[in-house]
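Peer 1: next one to model:
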Amino acid sequence: MNRSFVFRILLFLFIHGLCWTGARAQFIPDPGMRNWLNGLAPGCVDGNGILDPQHPDLLLVEDASIFVNWQDLTGIQYLTNLRRLVMSHGTFPFLPAFPDSLEVLEMFTVPYATLPPLPPKLRVLRASTGYSFQGFQHPFPETLDTLDLSTLSPMNSLQGLNEGLRFLRLSCDSVNGLGPLPSTLQDLLLSTAQLECLPPLPIGLQTFLGGVPNVPCLPNMPAACTFSPFVPTSVCTIVDPCASAFGAITGAIHVDWNGNGVQDDPLFQVPVGHVAAQPGATVSGLDANGRFYLGVDVGTYQVLPTVNLQHMGSVSPASHVTSVNTALAVDSLNDFLVTLLPNVTDLQVEAYVSLSRPGFNTSISFVARNVGSLPVSGSLQFAFDPIQDYQWSVPAADLVQGSSAVWDFTGLQPGHADTWACVLSTPATVAPGTPIQFMAELVTNDPDATPQDNVRTITDVVVAAIDPNDKRVNPDTISPAEVLAGVPLTYTIRYQNTGTTAAERVVITDTLPPGLDVQTFQYIMASHPCTWSIQDGVLHFVHENIMLPDSTSDPEGSQGFVQFRISPVPGLMLGDEVHNVANIYFDFNEPVITEPAVLVVTEALGVEDKEREQLLITPNPVRDRLMLHGAFGAWLQVDVLDGLGRRVTGLVGDVRSGLDVSTLAPGVYQLLATTKDGRRMVATFIRE
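Peer 2: As a prediction, this is how the structure comes out:
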């Protein structure tokens with residue numbers, strides 16, 4: 001087309017404002033497009049290539065097909081009432097905007113690198129056979145219901161899928177990344193050889209067909225979904241997922257338990273600690289071999305170990321700096337070696353007690369751990385409430401007398417643990433609400449470095465009925481002074497498989513609320529082997545291959561628990577409440593959500609508050625020896641905390657001779673005293 005002809009056309013439009021029906025006329029540059037438009041609406045384009053957008057027949061076009069190989073599709077956008085468009089065999093390099101009215105777009109043999117913005121009312125998009133298509137650069141409209149893509153290359157990622165999408169077919173071998181799937185998706189037809197991990201599948205997904213040969217496992221399994229034989233049926237674990245869109249940092253913490261300078265028995269049985277990656281909010285616990293797994297994005301991280309052993313001599317190195325340069329990359333060279341102070345005797349005891357009901361049994365679990373550096377022999381002495389009766393234990397008790405039982409142990413090695421299980425019965429005549437008390441104590445001939453953790457006291461009440469899946473916090477009330485002192489809270493999550501068959505996998509998730517200090521988290525114990533991690537403030541416990549029986553076939557064996565400790569944040573004030581629930585997943589079922597465990601900051605503690613008022617310490621201020629007075633008997637567990645909440649001294653046992661504080665630096669201290677029946681008292685003193 002020569003310039004003089006174009007000039008005449010423009011001059012004609014300018015002078016006459018050519019407009020047949022009040023809308024501005026449009027110039028259609030490509031003769032092929034003019035002919036196609038005139039085929040739809042004869043006479044809508046004149047001999048000079050001028051289109052009347054308001055031509056009556058053009059406004060009636062709602063469905064059109066175009067088989068085209070010309071260079072320019074300008075004019076398609078003026079079909080303002082077009083609802084369905086089928087395009088095929090295009091070789092044109094330029095594609096204008098589609099009409100806003102378009103609801104269905106089907107494109108076969110797609111010759112361009114991307115598409116213009118999609119129409120706002122589009123419901124169905126089908127595109128196939130494109131060998132230069134790079135991907136979608138504009139958002140999918142909210143109205144899109146069906147997306148069908150096949151043989152589009154070199155597109156390698158599909159992201160930004162809209163909520164409202166119900167059908168997705170993706171058959172493109174070049175795709176190696178698939179973004180989050182919308183919760184509305186019902187049918188997924190997926191066939192790609194490059195994809196190695198799937199995003200979480202929507203709970204309402206009904207059909208998953210196709211083949212993903214390099215995807216080893218599913219992130220989850222919707223209950224009502226039908227799968228094709230070429231889709232994996234195993235579910236990825238949290239700790240050991242499939243090769244996902246994340247990279248990973250792995251390694252292990254080794255402990256030199258006997259001081260010989262080398263890694264000892266890797267199967268240690270004490271919770272040594274955990275590992276964190278910074279920046280970020282990912283924390284990993286250790287498995288029985290001391291190994292950890294941190295799922296991270298691409299980037300550079302500092303890997304920091306936290307060792308919960310009080311007698312640690314050193315950890316080498318103090319940290320690792322590692323880079324994950326590409327998605328799916330794994331850096332596995334991040335081991336740490338922990339040495340202990342020599343010649344230290346230190347045991348600690350943990351205890352779990354199930355709820356007590358009239359006419360039913362109560363299960364108790366004990367763990368004695370050697371966290372020192374010397375072998376230890378001794379006994380576990382258990383005092384239970386006189387209203388309950390001893391039934392049996394594993395292993396059998398060495399002595400049962402009245403309301404107490406004793407188990408002896410010999411040569412417990414550093415890093416190892418002994419466990420016991422005991423069953424008591426509660427007579428049917430005991431009234432619900434009756435208080436009950438338990439105390440477990442480790443006794444040895446050798447002085448223990450930290451005797452305060454050799455005793456665990458548990459107070460509870462008899463209940464009329466129980467929820468088989470619940471979460472509890474102990475204590476459930478604390479004072480503002482205890483908040484400032486960082487008093488640890490013990491959380492217990494109980495679960496029971498009330499289904500009709502064994503559960504192969506149990507996962508517990510717990511979003512830790514702002515009132516709890518994540519940095520103080522400590523894993524205590526569990527009924528079954530598990531791994532744990534914290535990801536963005538969400539705590540995960542994973543029991544793989546647990547094979548938990550159902551409650552009908554095995555009422556006792558169908559139950560389990562996990563325990564952890566965590567401190568409140570210092571900013572909690574009088575009257576504050578901290579609510580916390582757990583989500584318990586049995587296999588692929590919807591989670592069982594527990595009732596909240598509620599922690600209350602209050603001074604109104606009833607009987608316990610009266611005991612608190614009866615604690616008197618003299619002299620105050622003090623220089624050498626602090627005397628404790630009150631209606632609590634001779635035995636106490638006493639902890640003295642400095643201004644940062646750190647334990648600086650204390651004792652467990654007879655307090656009638658007082659507490660030596662002569663070695664403390666001058667300042668203000670908090671004294672926490674706990675009786676054998678679990679009552680707590682708090683006082684403040686000044687060391688001169």
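Peer 1: low pLDDT regions in the chain?
Peer 2: Along the chain, segments meeting pLDDT under 70 span 1-23, 90-94, 236-247, 263-268, 326-328, 588, 604-614, 631, 643-646, 677-678.
Peer 1: give me the domain ranges for it.
Peer 2: Domains of the chain are assigned by automatic domain parsing as 3-227, 247-340, 343-459, 467-604, 607-687.
Peer 1: could I get the full set of helices for the stretch 351-500 of the chain?
Peer 2: If DSSP state H, counting those that start in this stretch is used as the criterion, the helices of the stretch 351-500 of the chain fall at 480-485.
Peer 1: rewinding a little: how about CSV for the domains of the chain, with distance to Ser234 and mean neighbour count added?
Peer 2: The way it works is simple: take the backbone N, C-alpha and C, and place the C-beta from them, glycine included. Shown next, in CSV, are the domains of the chain (distance: least, Cβ to Cβ, whole Å; neighbours: other Cβ atoms under 10 Å):
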stretch, distance to Ser234, mean neighbour count
domain 3-227, 5, 16
domain 247-340, 18, 18
domain 343-459, 31, 18
domain 467-604, 10, 18
domain 607-687, 45, 16
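Peer 1: rebuild those domains as TSV, extending it with distance to Val235.
Peer 2: Output for the domains of the chain, formatted as TSV (distance: least, Cβ to Cβ, whole Å):
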stretch	distance to Val235
domain 3-227	5
domain 247-340	16
domain 343-459	28
domain 467-604	7
domain 607-687	41
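Peer 1: out of those domains, flag the one nearest Thr233.
Peer 2: Thr233 lies closest to domain 3-227 among the domains of the chain, at 6.6 Å (Cβ to Cβ).
Peer 1: how close does the spatially closest residue to Thr649 that is not a sequence neighbour get to Thr429?
Peer 2: With sequence-adjacent residues excluded and distances taken as Cβ to Cβ, 6 or more residues apart in numbering, Thr649 is closest to Val640, at 4.8 Å. For Val640, the distance to Thr429 equals 44 Å [Cβ to Cβ, to the nearest Å].
Peer 1: ok, Pro451 next?
Peer 2: Separation of Pro451 from Thr429 (Cβ to Cβ) stands at 38 Å.
Peer 1: what's the answer for Leu165, then?
Peer 2: Using Cβ to Cβ, Leu165 is found at 62 Å from Thr429.
Peer 1: run the chain-centre distance for the helix or strand where the residue nearest to Thr649 lies.
Peer 2: Secondary structure assigned from DSSP states H and E places Val640 in strand 635-641. Remark: strand 635-641 is offset 36 Å from the chain centroid, using Cα atoms, centre = their mean, to the nearest Å.
Peer 1: what strands line up against it, and which way round?
Peer 2: Strand 635-641 has its sheet partners listed here by DSSP bridges as strand 647-654 (antiparallel), strand 667-674 (antiparallel).
Peer 1: mind listing what the next helix or strand after the first one pairs with, with the direction of each?
Peer 2: The one in question is strand 647-654. The helix or strand immediately downstream of strand 647-654 is strand 659-660, counting by DSSP H and E. Next to strand 659-660 in the sheet, as set by DSSP bridges, lie strand 625-629 (antiparallel).
Peer 1: export the strand it pairs with to CSV, keeping only CA atoms.
Peer 2: Output of strand 625-629 as CSV, limited to C-alpha atoms (Å, rounded to 0.1, in the frame of the first residue of the first chain):
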residue,chain,number,x,y,z
ARG,A,625,21.7,-17.5,103.3
LEU,A,626,18.0,-17.1,102.4
MET,A,627,15.5,-18.8,104.7
LEU,A,628,12.1,-20.0,103.4
HIS,A,629,9.0,-20.1,105.6
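Peer 1: tell me the contacts of Leu144?
Peer 2: The contact partners of Leu144, by Cβ atoms under 8 Å, 6 or more residues apart in numbering, come to 118, 122-125, 162, 164-165.
Peer 1: tell me the SS of it?
Peer 2: In three-state terms, and counting by DSSP: H, G, I helix; E, B strand; the rest coil, Leu144 is coil.
Peer 1: Ala193 falls within a strand, correct?
Peer 2: No: with three-state DSSP as the criterion, Ala193 is coil rather than part of a strand.
Peer 1: and it, what does it touch?
Peer 2: Contacts of Ala193 by Cβ under 8 Å, 6+ apart are 173, 213-214.
Peer 1: going by distance to Ala464, which of those residues wins?
Peer 2: Using Cβ to Cβ, Asn214 comes nearest to Ala464 of the contacts of Ala193, at 54.6 Å.
Peer 1: the closest one in helix, strand or coil?
Peer 2: Note that with three-state DSSP, the state of Asn214 is coil.
Peer 1: these two touch, right, it and Ser191?
Peer 2: No: counting by Cβ atoms under 8 Å, Asn214 sits too far from Ser191 to count as a contact (11.9 Å).
Peer 1: about what we covered before: let me see the contact set for the residue nearest to Thr649.
Peer 2: Val640 is in contact with 647-650, 659, 661, 664, 669-672, counting by Cβ under 8 Å, 6+ apart.
Peer 1: do the same with Val270
Peer 2: By Cβ under 8 Å, 6+ apart, the contact list for Val270 reads 309, 369-371, 415-417.
Peer 1: now do 6 Å
Peer 2: The contact partners of Val270, taken as Cβ atoms under 6 Å, 6 or more residues apart in numbering, are 369, 371, 415.
Peer 1: beta partners for the residue sitting nearest the centre point of the chain?
Peer 2: Central residue of the chain (Cα atoms, centre = their mean): Val538, 3.9 Å from the mean position. Going by DSSP bridges, Val538 is paired in beta bridges with Thr511, Gln535.
Peer 1: that one and Leu484, how far apart?
Peer 2: Distance of Val538 to Leu484, computed by Cβ to Cβ: 27 Å.
Peer 1: with Leu118 instead?
Peer 2: Distance of Leu118 to Leu484, given as Cβ to Cβ: 58 Å.
Peer 1: do the same with Glu62
Peer 2: From Glu62 over to Leu484 the distance is 72 Å, taken as Cβ to Cβ.
Peer 1: please settle this for me: is Asn589 part of a helix?
Peer 2: No: with three-state DSSP as the criterion, Asn589 is located in coil rather than a helix.
Peer 1: how about it: what's its closest non-neighbour residue?
Peer 2: Closest to Asn589 by Cβ to Cβ, 6+ apart is Ala223, at 6.6 Å.
Peer 1: check contacts around Pro213.
Peer 2: Per Cβ under 6 Å, 6+ apart, neighbours of Pro213: Ala193.
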